[in-house]
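Peer 1: Sequence plus predicted model, see below.
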Amino acid sequence: MIPLSLGHLAAATAATLDRITDADAMVTAPLSFDSRDIAPGGLFACLPGRHTDGHDYAAQAVAAGATAVLATRPVGVPALLVPDVLTAMAGLAAQVAAAFTGTVIGVTGSAGKTTTKDILAAILTLDGPTVATQKSFNNEIGFPVTVSRVEENTAYLLLEMGARGQGHIASLCQIARPTIATVLGVGSAHIGEFGSREAIADAKAEIVQALPSDGVAVLNGDDPLVRAMAARTRGHVLTFGTREDSTVRATEITLDDQGRPRITLAYRGESGSVQLRIHGRHNATNALAAAATALAAGVPLTTVLQGLEQAEITSGNRMQVTTRPDAVTVINDSFNASPEAVQAAIAALGDIAGPRRRQVAVIGEMAELGDDAAAWHKRIADRIARSGIQHIVLVGGPQVEAMLDTIRASGVSAEMANPAVPLAEQVNKSLQPGDVVLIKGANALGLGMVADLLVRLTTA
């Protein structure tokens, strides 16, 4: 963290000093809301939770090295007392961002944010010290923590921005205003909360509306709703995609025998080809978005290509492909499941399996689709029926139960998860040596643990 004094932070957060004898004491390490993850010199945020209250862990945090804590009441250790801890976290992060002299990059979109962020971080790190959002900590809690991690020598601050309603991204941009803003696409994730894809587009457009006049909006030229955001920013516009008029264009996308894209891209008279380590044809778009964003930041094309070639998805449960000793390949793509992401994962399953390997899938119920939930689950059932999947296990409630008849009517073997049997064991009993099995579902279903267990099993 860029060092700031407790007195400075107290003024920024309208805090009262409690048990602090030296207002000039410095906070030199990032914010944390987990008392087990305190760096010496850091600041612990006492957030209330569903089952525990961070105030109860204040003493533990200070004993672990925290300079002080952010709290709403006295806790017996040095504290900045504030009316609301979450608001104070935003105020603290805004002070850090104001002192930051590097490039702030924001990334949003209905799907692919975290993967694009991971790829882009791999590129930017080759060009200069980079701080990026960890995992998917892209909301009002994780965002200030990421901002607080910048140091005086940091060149790039890469921020993933999520939204579950209008104004959410705008609020994040008030904490740390991006100079480069990337929008990946507008899909159906959280459509039950927004009401329509147009409303989702309005929320995502907040990131480009926050740009200064010398900023750059990096837009997916293949998505009409994103492309239209060019009219909603004061910044310069750079597009990426497969269209002839894209600034950064993929002139060719092919897949190797493991379903990993090879991309040939062109940019302002230069071109280059790169083989990705990441599986799934849909990740070609995410890689292209990362390349375009890095180019907008002034990273040379040769460095961009090098970063793309080295990039891996470091955030868990996203297209993690593991082959067991019995030649069963497990695709763990269990982090989340919008309709578009499920269809992309099914396509990746087919690409990785190829024409000779048997395809099996574990598909979980999709969440937050509102009144469109039944229709979307029906579309996914129809997609499965045409996909080449030989066996499927469905996990969830009424929506996936309704899918069962459609899938079976197509001739595909299908069953519901049996609550009396551990799911990994149920799935494993249906596998044969050499099969490829996809695990995909809403994060709340906990299918990542199922995938982890499945990797450690073997066929009889």
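Peer 2: Ah, there it is. Numbers count the residues shown, from 1 in each chain.

Peer 1: When you work out contacts or count neighbours from here on, use the C-alpha atoms and nothing else.
Peer 2: Will do.

Peer 1: which regions of the protein sit below the pLDDT cut-off?
Peer 2: 189-190, 192, 460 (pLDDT under 70).

Peer 1: same thing but 50
Peer 2: Counting by pLDDT under 50, the chain contains no low-confidence residues.

Peer 1: how does it divide into domains?
Peer 2: When the chain is parsed with automatic domain parsing, its domains come out as 4-83, 100-310, 320-455.

Peer 1: Distance from the chain centre to the first one, please.
Peer 2: Looking back up the chat, that one is domain 4-83. Centroid separation for domain 4-83 versus its chain: 28 Å, with Cα atoms, centre = their mean, to the nearest Å.

Peer 1: and it, how far apart are its ends?
Peer 2: End-to-end distance of domain 4-83 (Cα to Cα, to the nearest Å): 21 Å.

Peer 1: and what of the second one?
Peer 2: Looking at domain 100-310, the gap from its leading to its trailing residue is 28 Å under the measure Cα to Cα.

Peer 1: And stretch 270-290, by the same measure?
Peer 2: This stretch, stretch 270-290, spans 17 Å end to end (Cα to Cα).

Peer 1: Ok, stretch 143-156 next?
Peer 2: First residue to last in stretch 143-156 (Cα to Cα) measures 15 Å.

Peer 1: Now do the buried residues in it.
Peer 2: By neighbour count on 16 or more other Cα atoms under 10 Å, the buried set for stretch 143-156 is 143-151, 154-156.

Peer 1: cool, stretch 177-194 as well?
Peer 2: 177-192, 194.

Peer 1: re the thing from before, which of the buried residues of stretch 143-156 fall within helices?
Peer 2: Residues from these lying in helices, with DSSP state H as the criterion: 143-147.

Peer 1: could you dump these to TSV with distance to L431?
Peer 2: TSV is the format used below for those (distance: Cα to Cα, whole Å):
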residue	distance to L431
F143	41
P144	44
V145	43
T146	42
V147	45
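
Peer 1: mind listing the helices for the stretch 51-200 of the chain?
Peer 2: Remark: helices assigned in the stretch 51-200 of the chain by DSSP state H, counting those that start in this stretch are 58-63, 85-99, 113-127, 142-147, 168-175, 191-194, 197-209.

Peer 1: Any idea which of the ones you listed gets closest to Q320?
Peer 2: helix 113-127 (11.5 Å; Cα to Cα).

Peer 1: hang on, the earlier thing: comparing the domains of the chain, which comes out most buried?
Peer 2: Using mean count of other Cα atoms under 10 Å, the stretch among the domains of the chain with the largest mean neighbour count is domain 100-310, at a mean of 21.

Peer 1: Pull the distance from that one to the chain's centre.
Peer 2: For domain 100-310, the distance from its own C-alpha centre to the chain's C-alpha centre is 11 Å (Cα atoms, centre = their mean).

Peer 1: next one: stretch 377-392
Peer 2: 26 Å.

Peer 1: Give me the distance between the two termini of it.
Peer 2: Taking Cα to Cα, stretch 377-392 runs 14 Å from one end to the other.

Peer 1: what's it in contact with?
Peer 2: Residues outside stretch 377-392 that contact it (Cα atoms under 8 Å, 6 or more residues apart in numbering): 339, 342-343, 346-347, 350, 358-363, 365-366, 399-400, 402-404, 406-407, 410-415, 430.

Peer 1: Check stretch 406-418 too.
Peer 2: Contacts of stretch 406-418 (Cα under 8 Å, 6+ apart): 378, 381-382, 384-385, 389-396, 401, 404, 423, 426.

Peer 1: quick one, phi psi at T251?
Peer 2: phi -80, psi -20 (degrees, to the nearest 10).

Peer 1: any idea how far it lies from V237?
Peer 2: As judged by Cα to Cα, T251 and V237 stand 20 Å apart.

Peer 1: same question, G76
Peer 2: G76 is 52 Å from V237, where distance means Cα to Cα.

Peer 1: swap in A266?
Peer 2: Distance, A266 to V237, using Cα to Cα: 17 Å.

Peer 1: in what helix or strand does the residue lying closest to M403 once chain neighbours are set aside lie?
Peer 2: Distance criterion Cα to Cα, 6 or more residues apart in numbering; nearest residue to M403, sequence neighbours excluded, is A381 at 5.5 Å. Using DSSP states H and E, A381 falls within helix 373-385.

Peer 1: how far out from the middle of the chain is that helix?
Peer 2: Counting by Cα atoms, centre = their mean, helix 373-385 comes out at 24 Å from the chain centroid.
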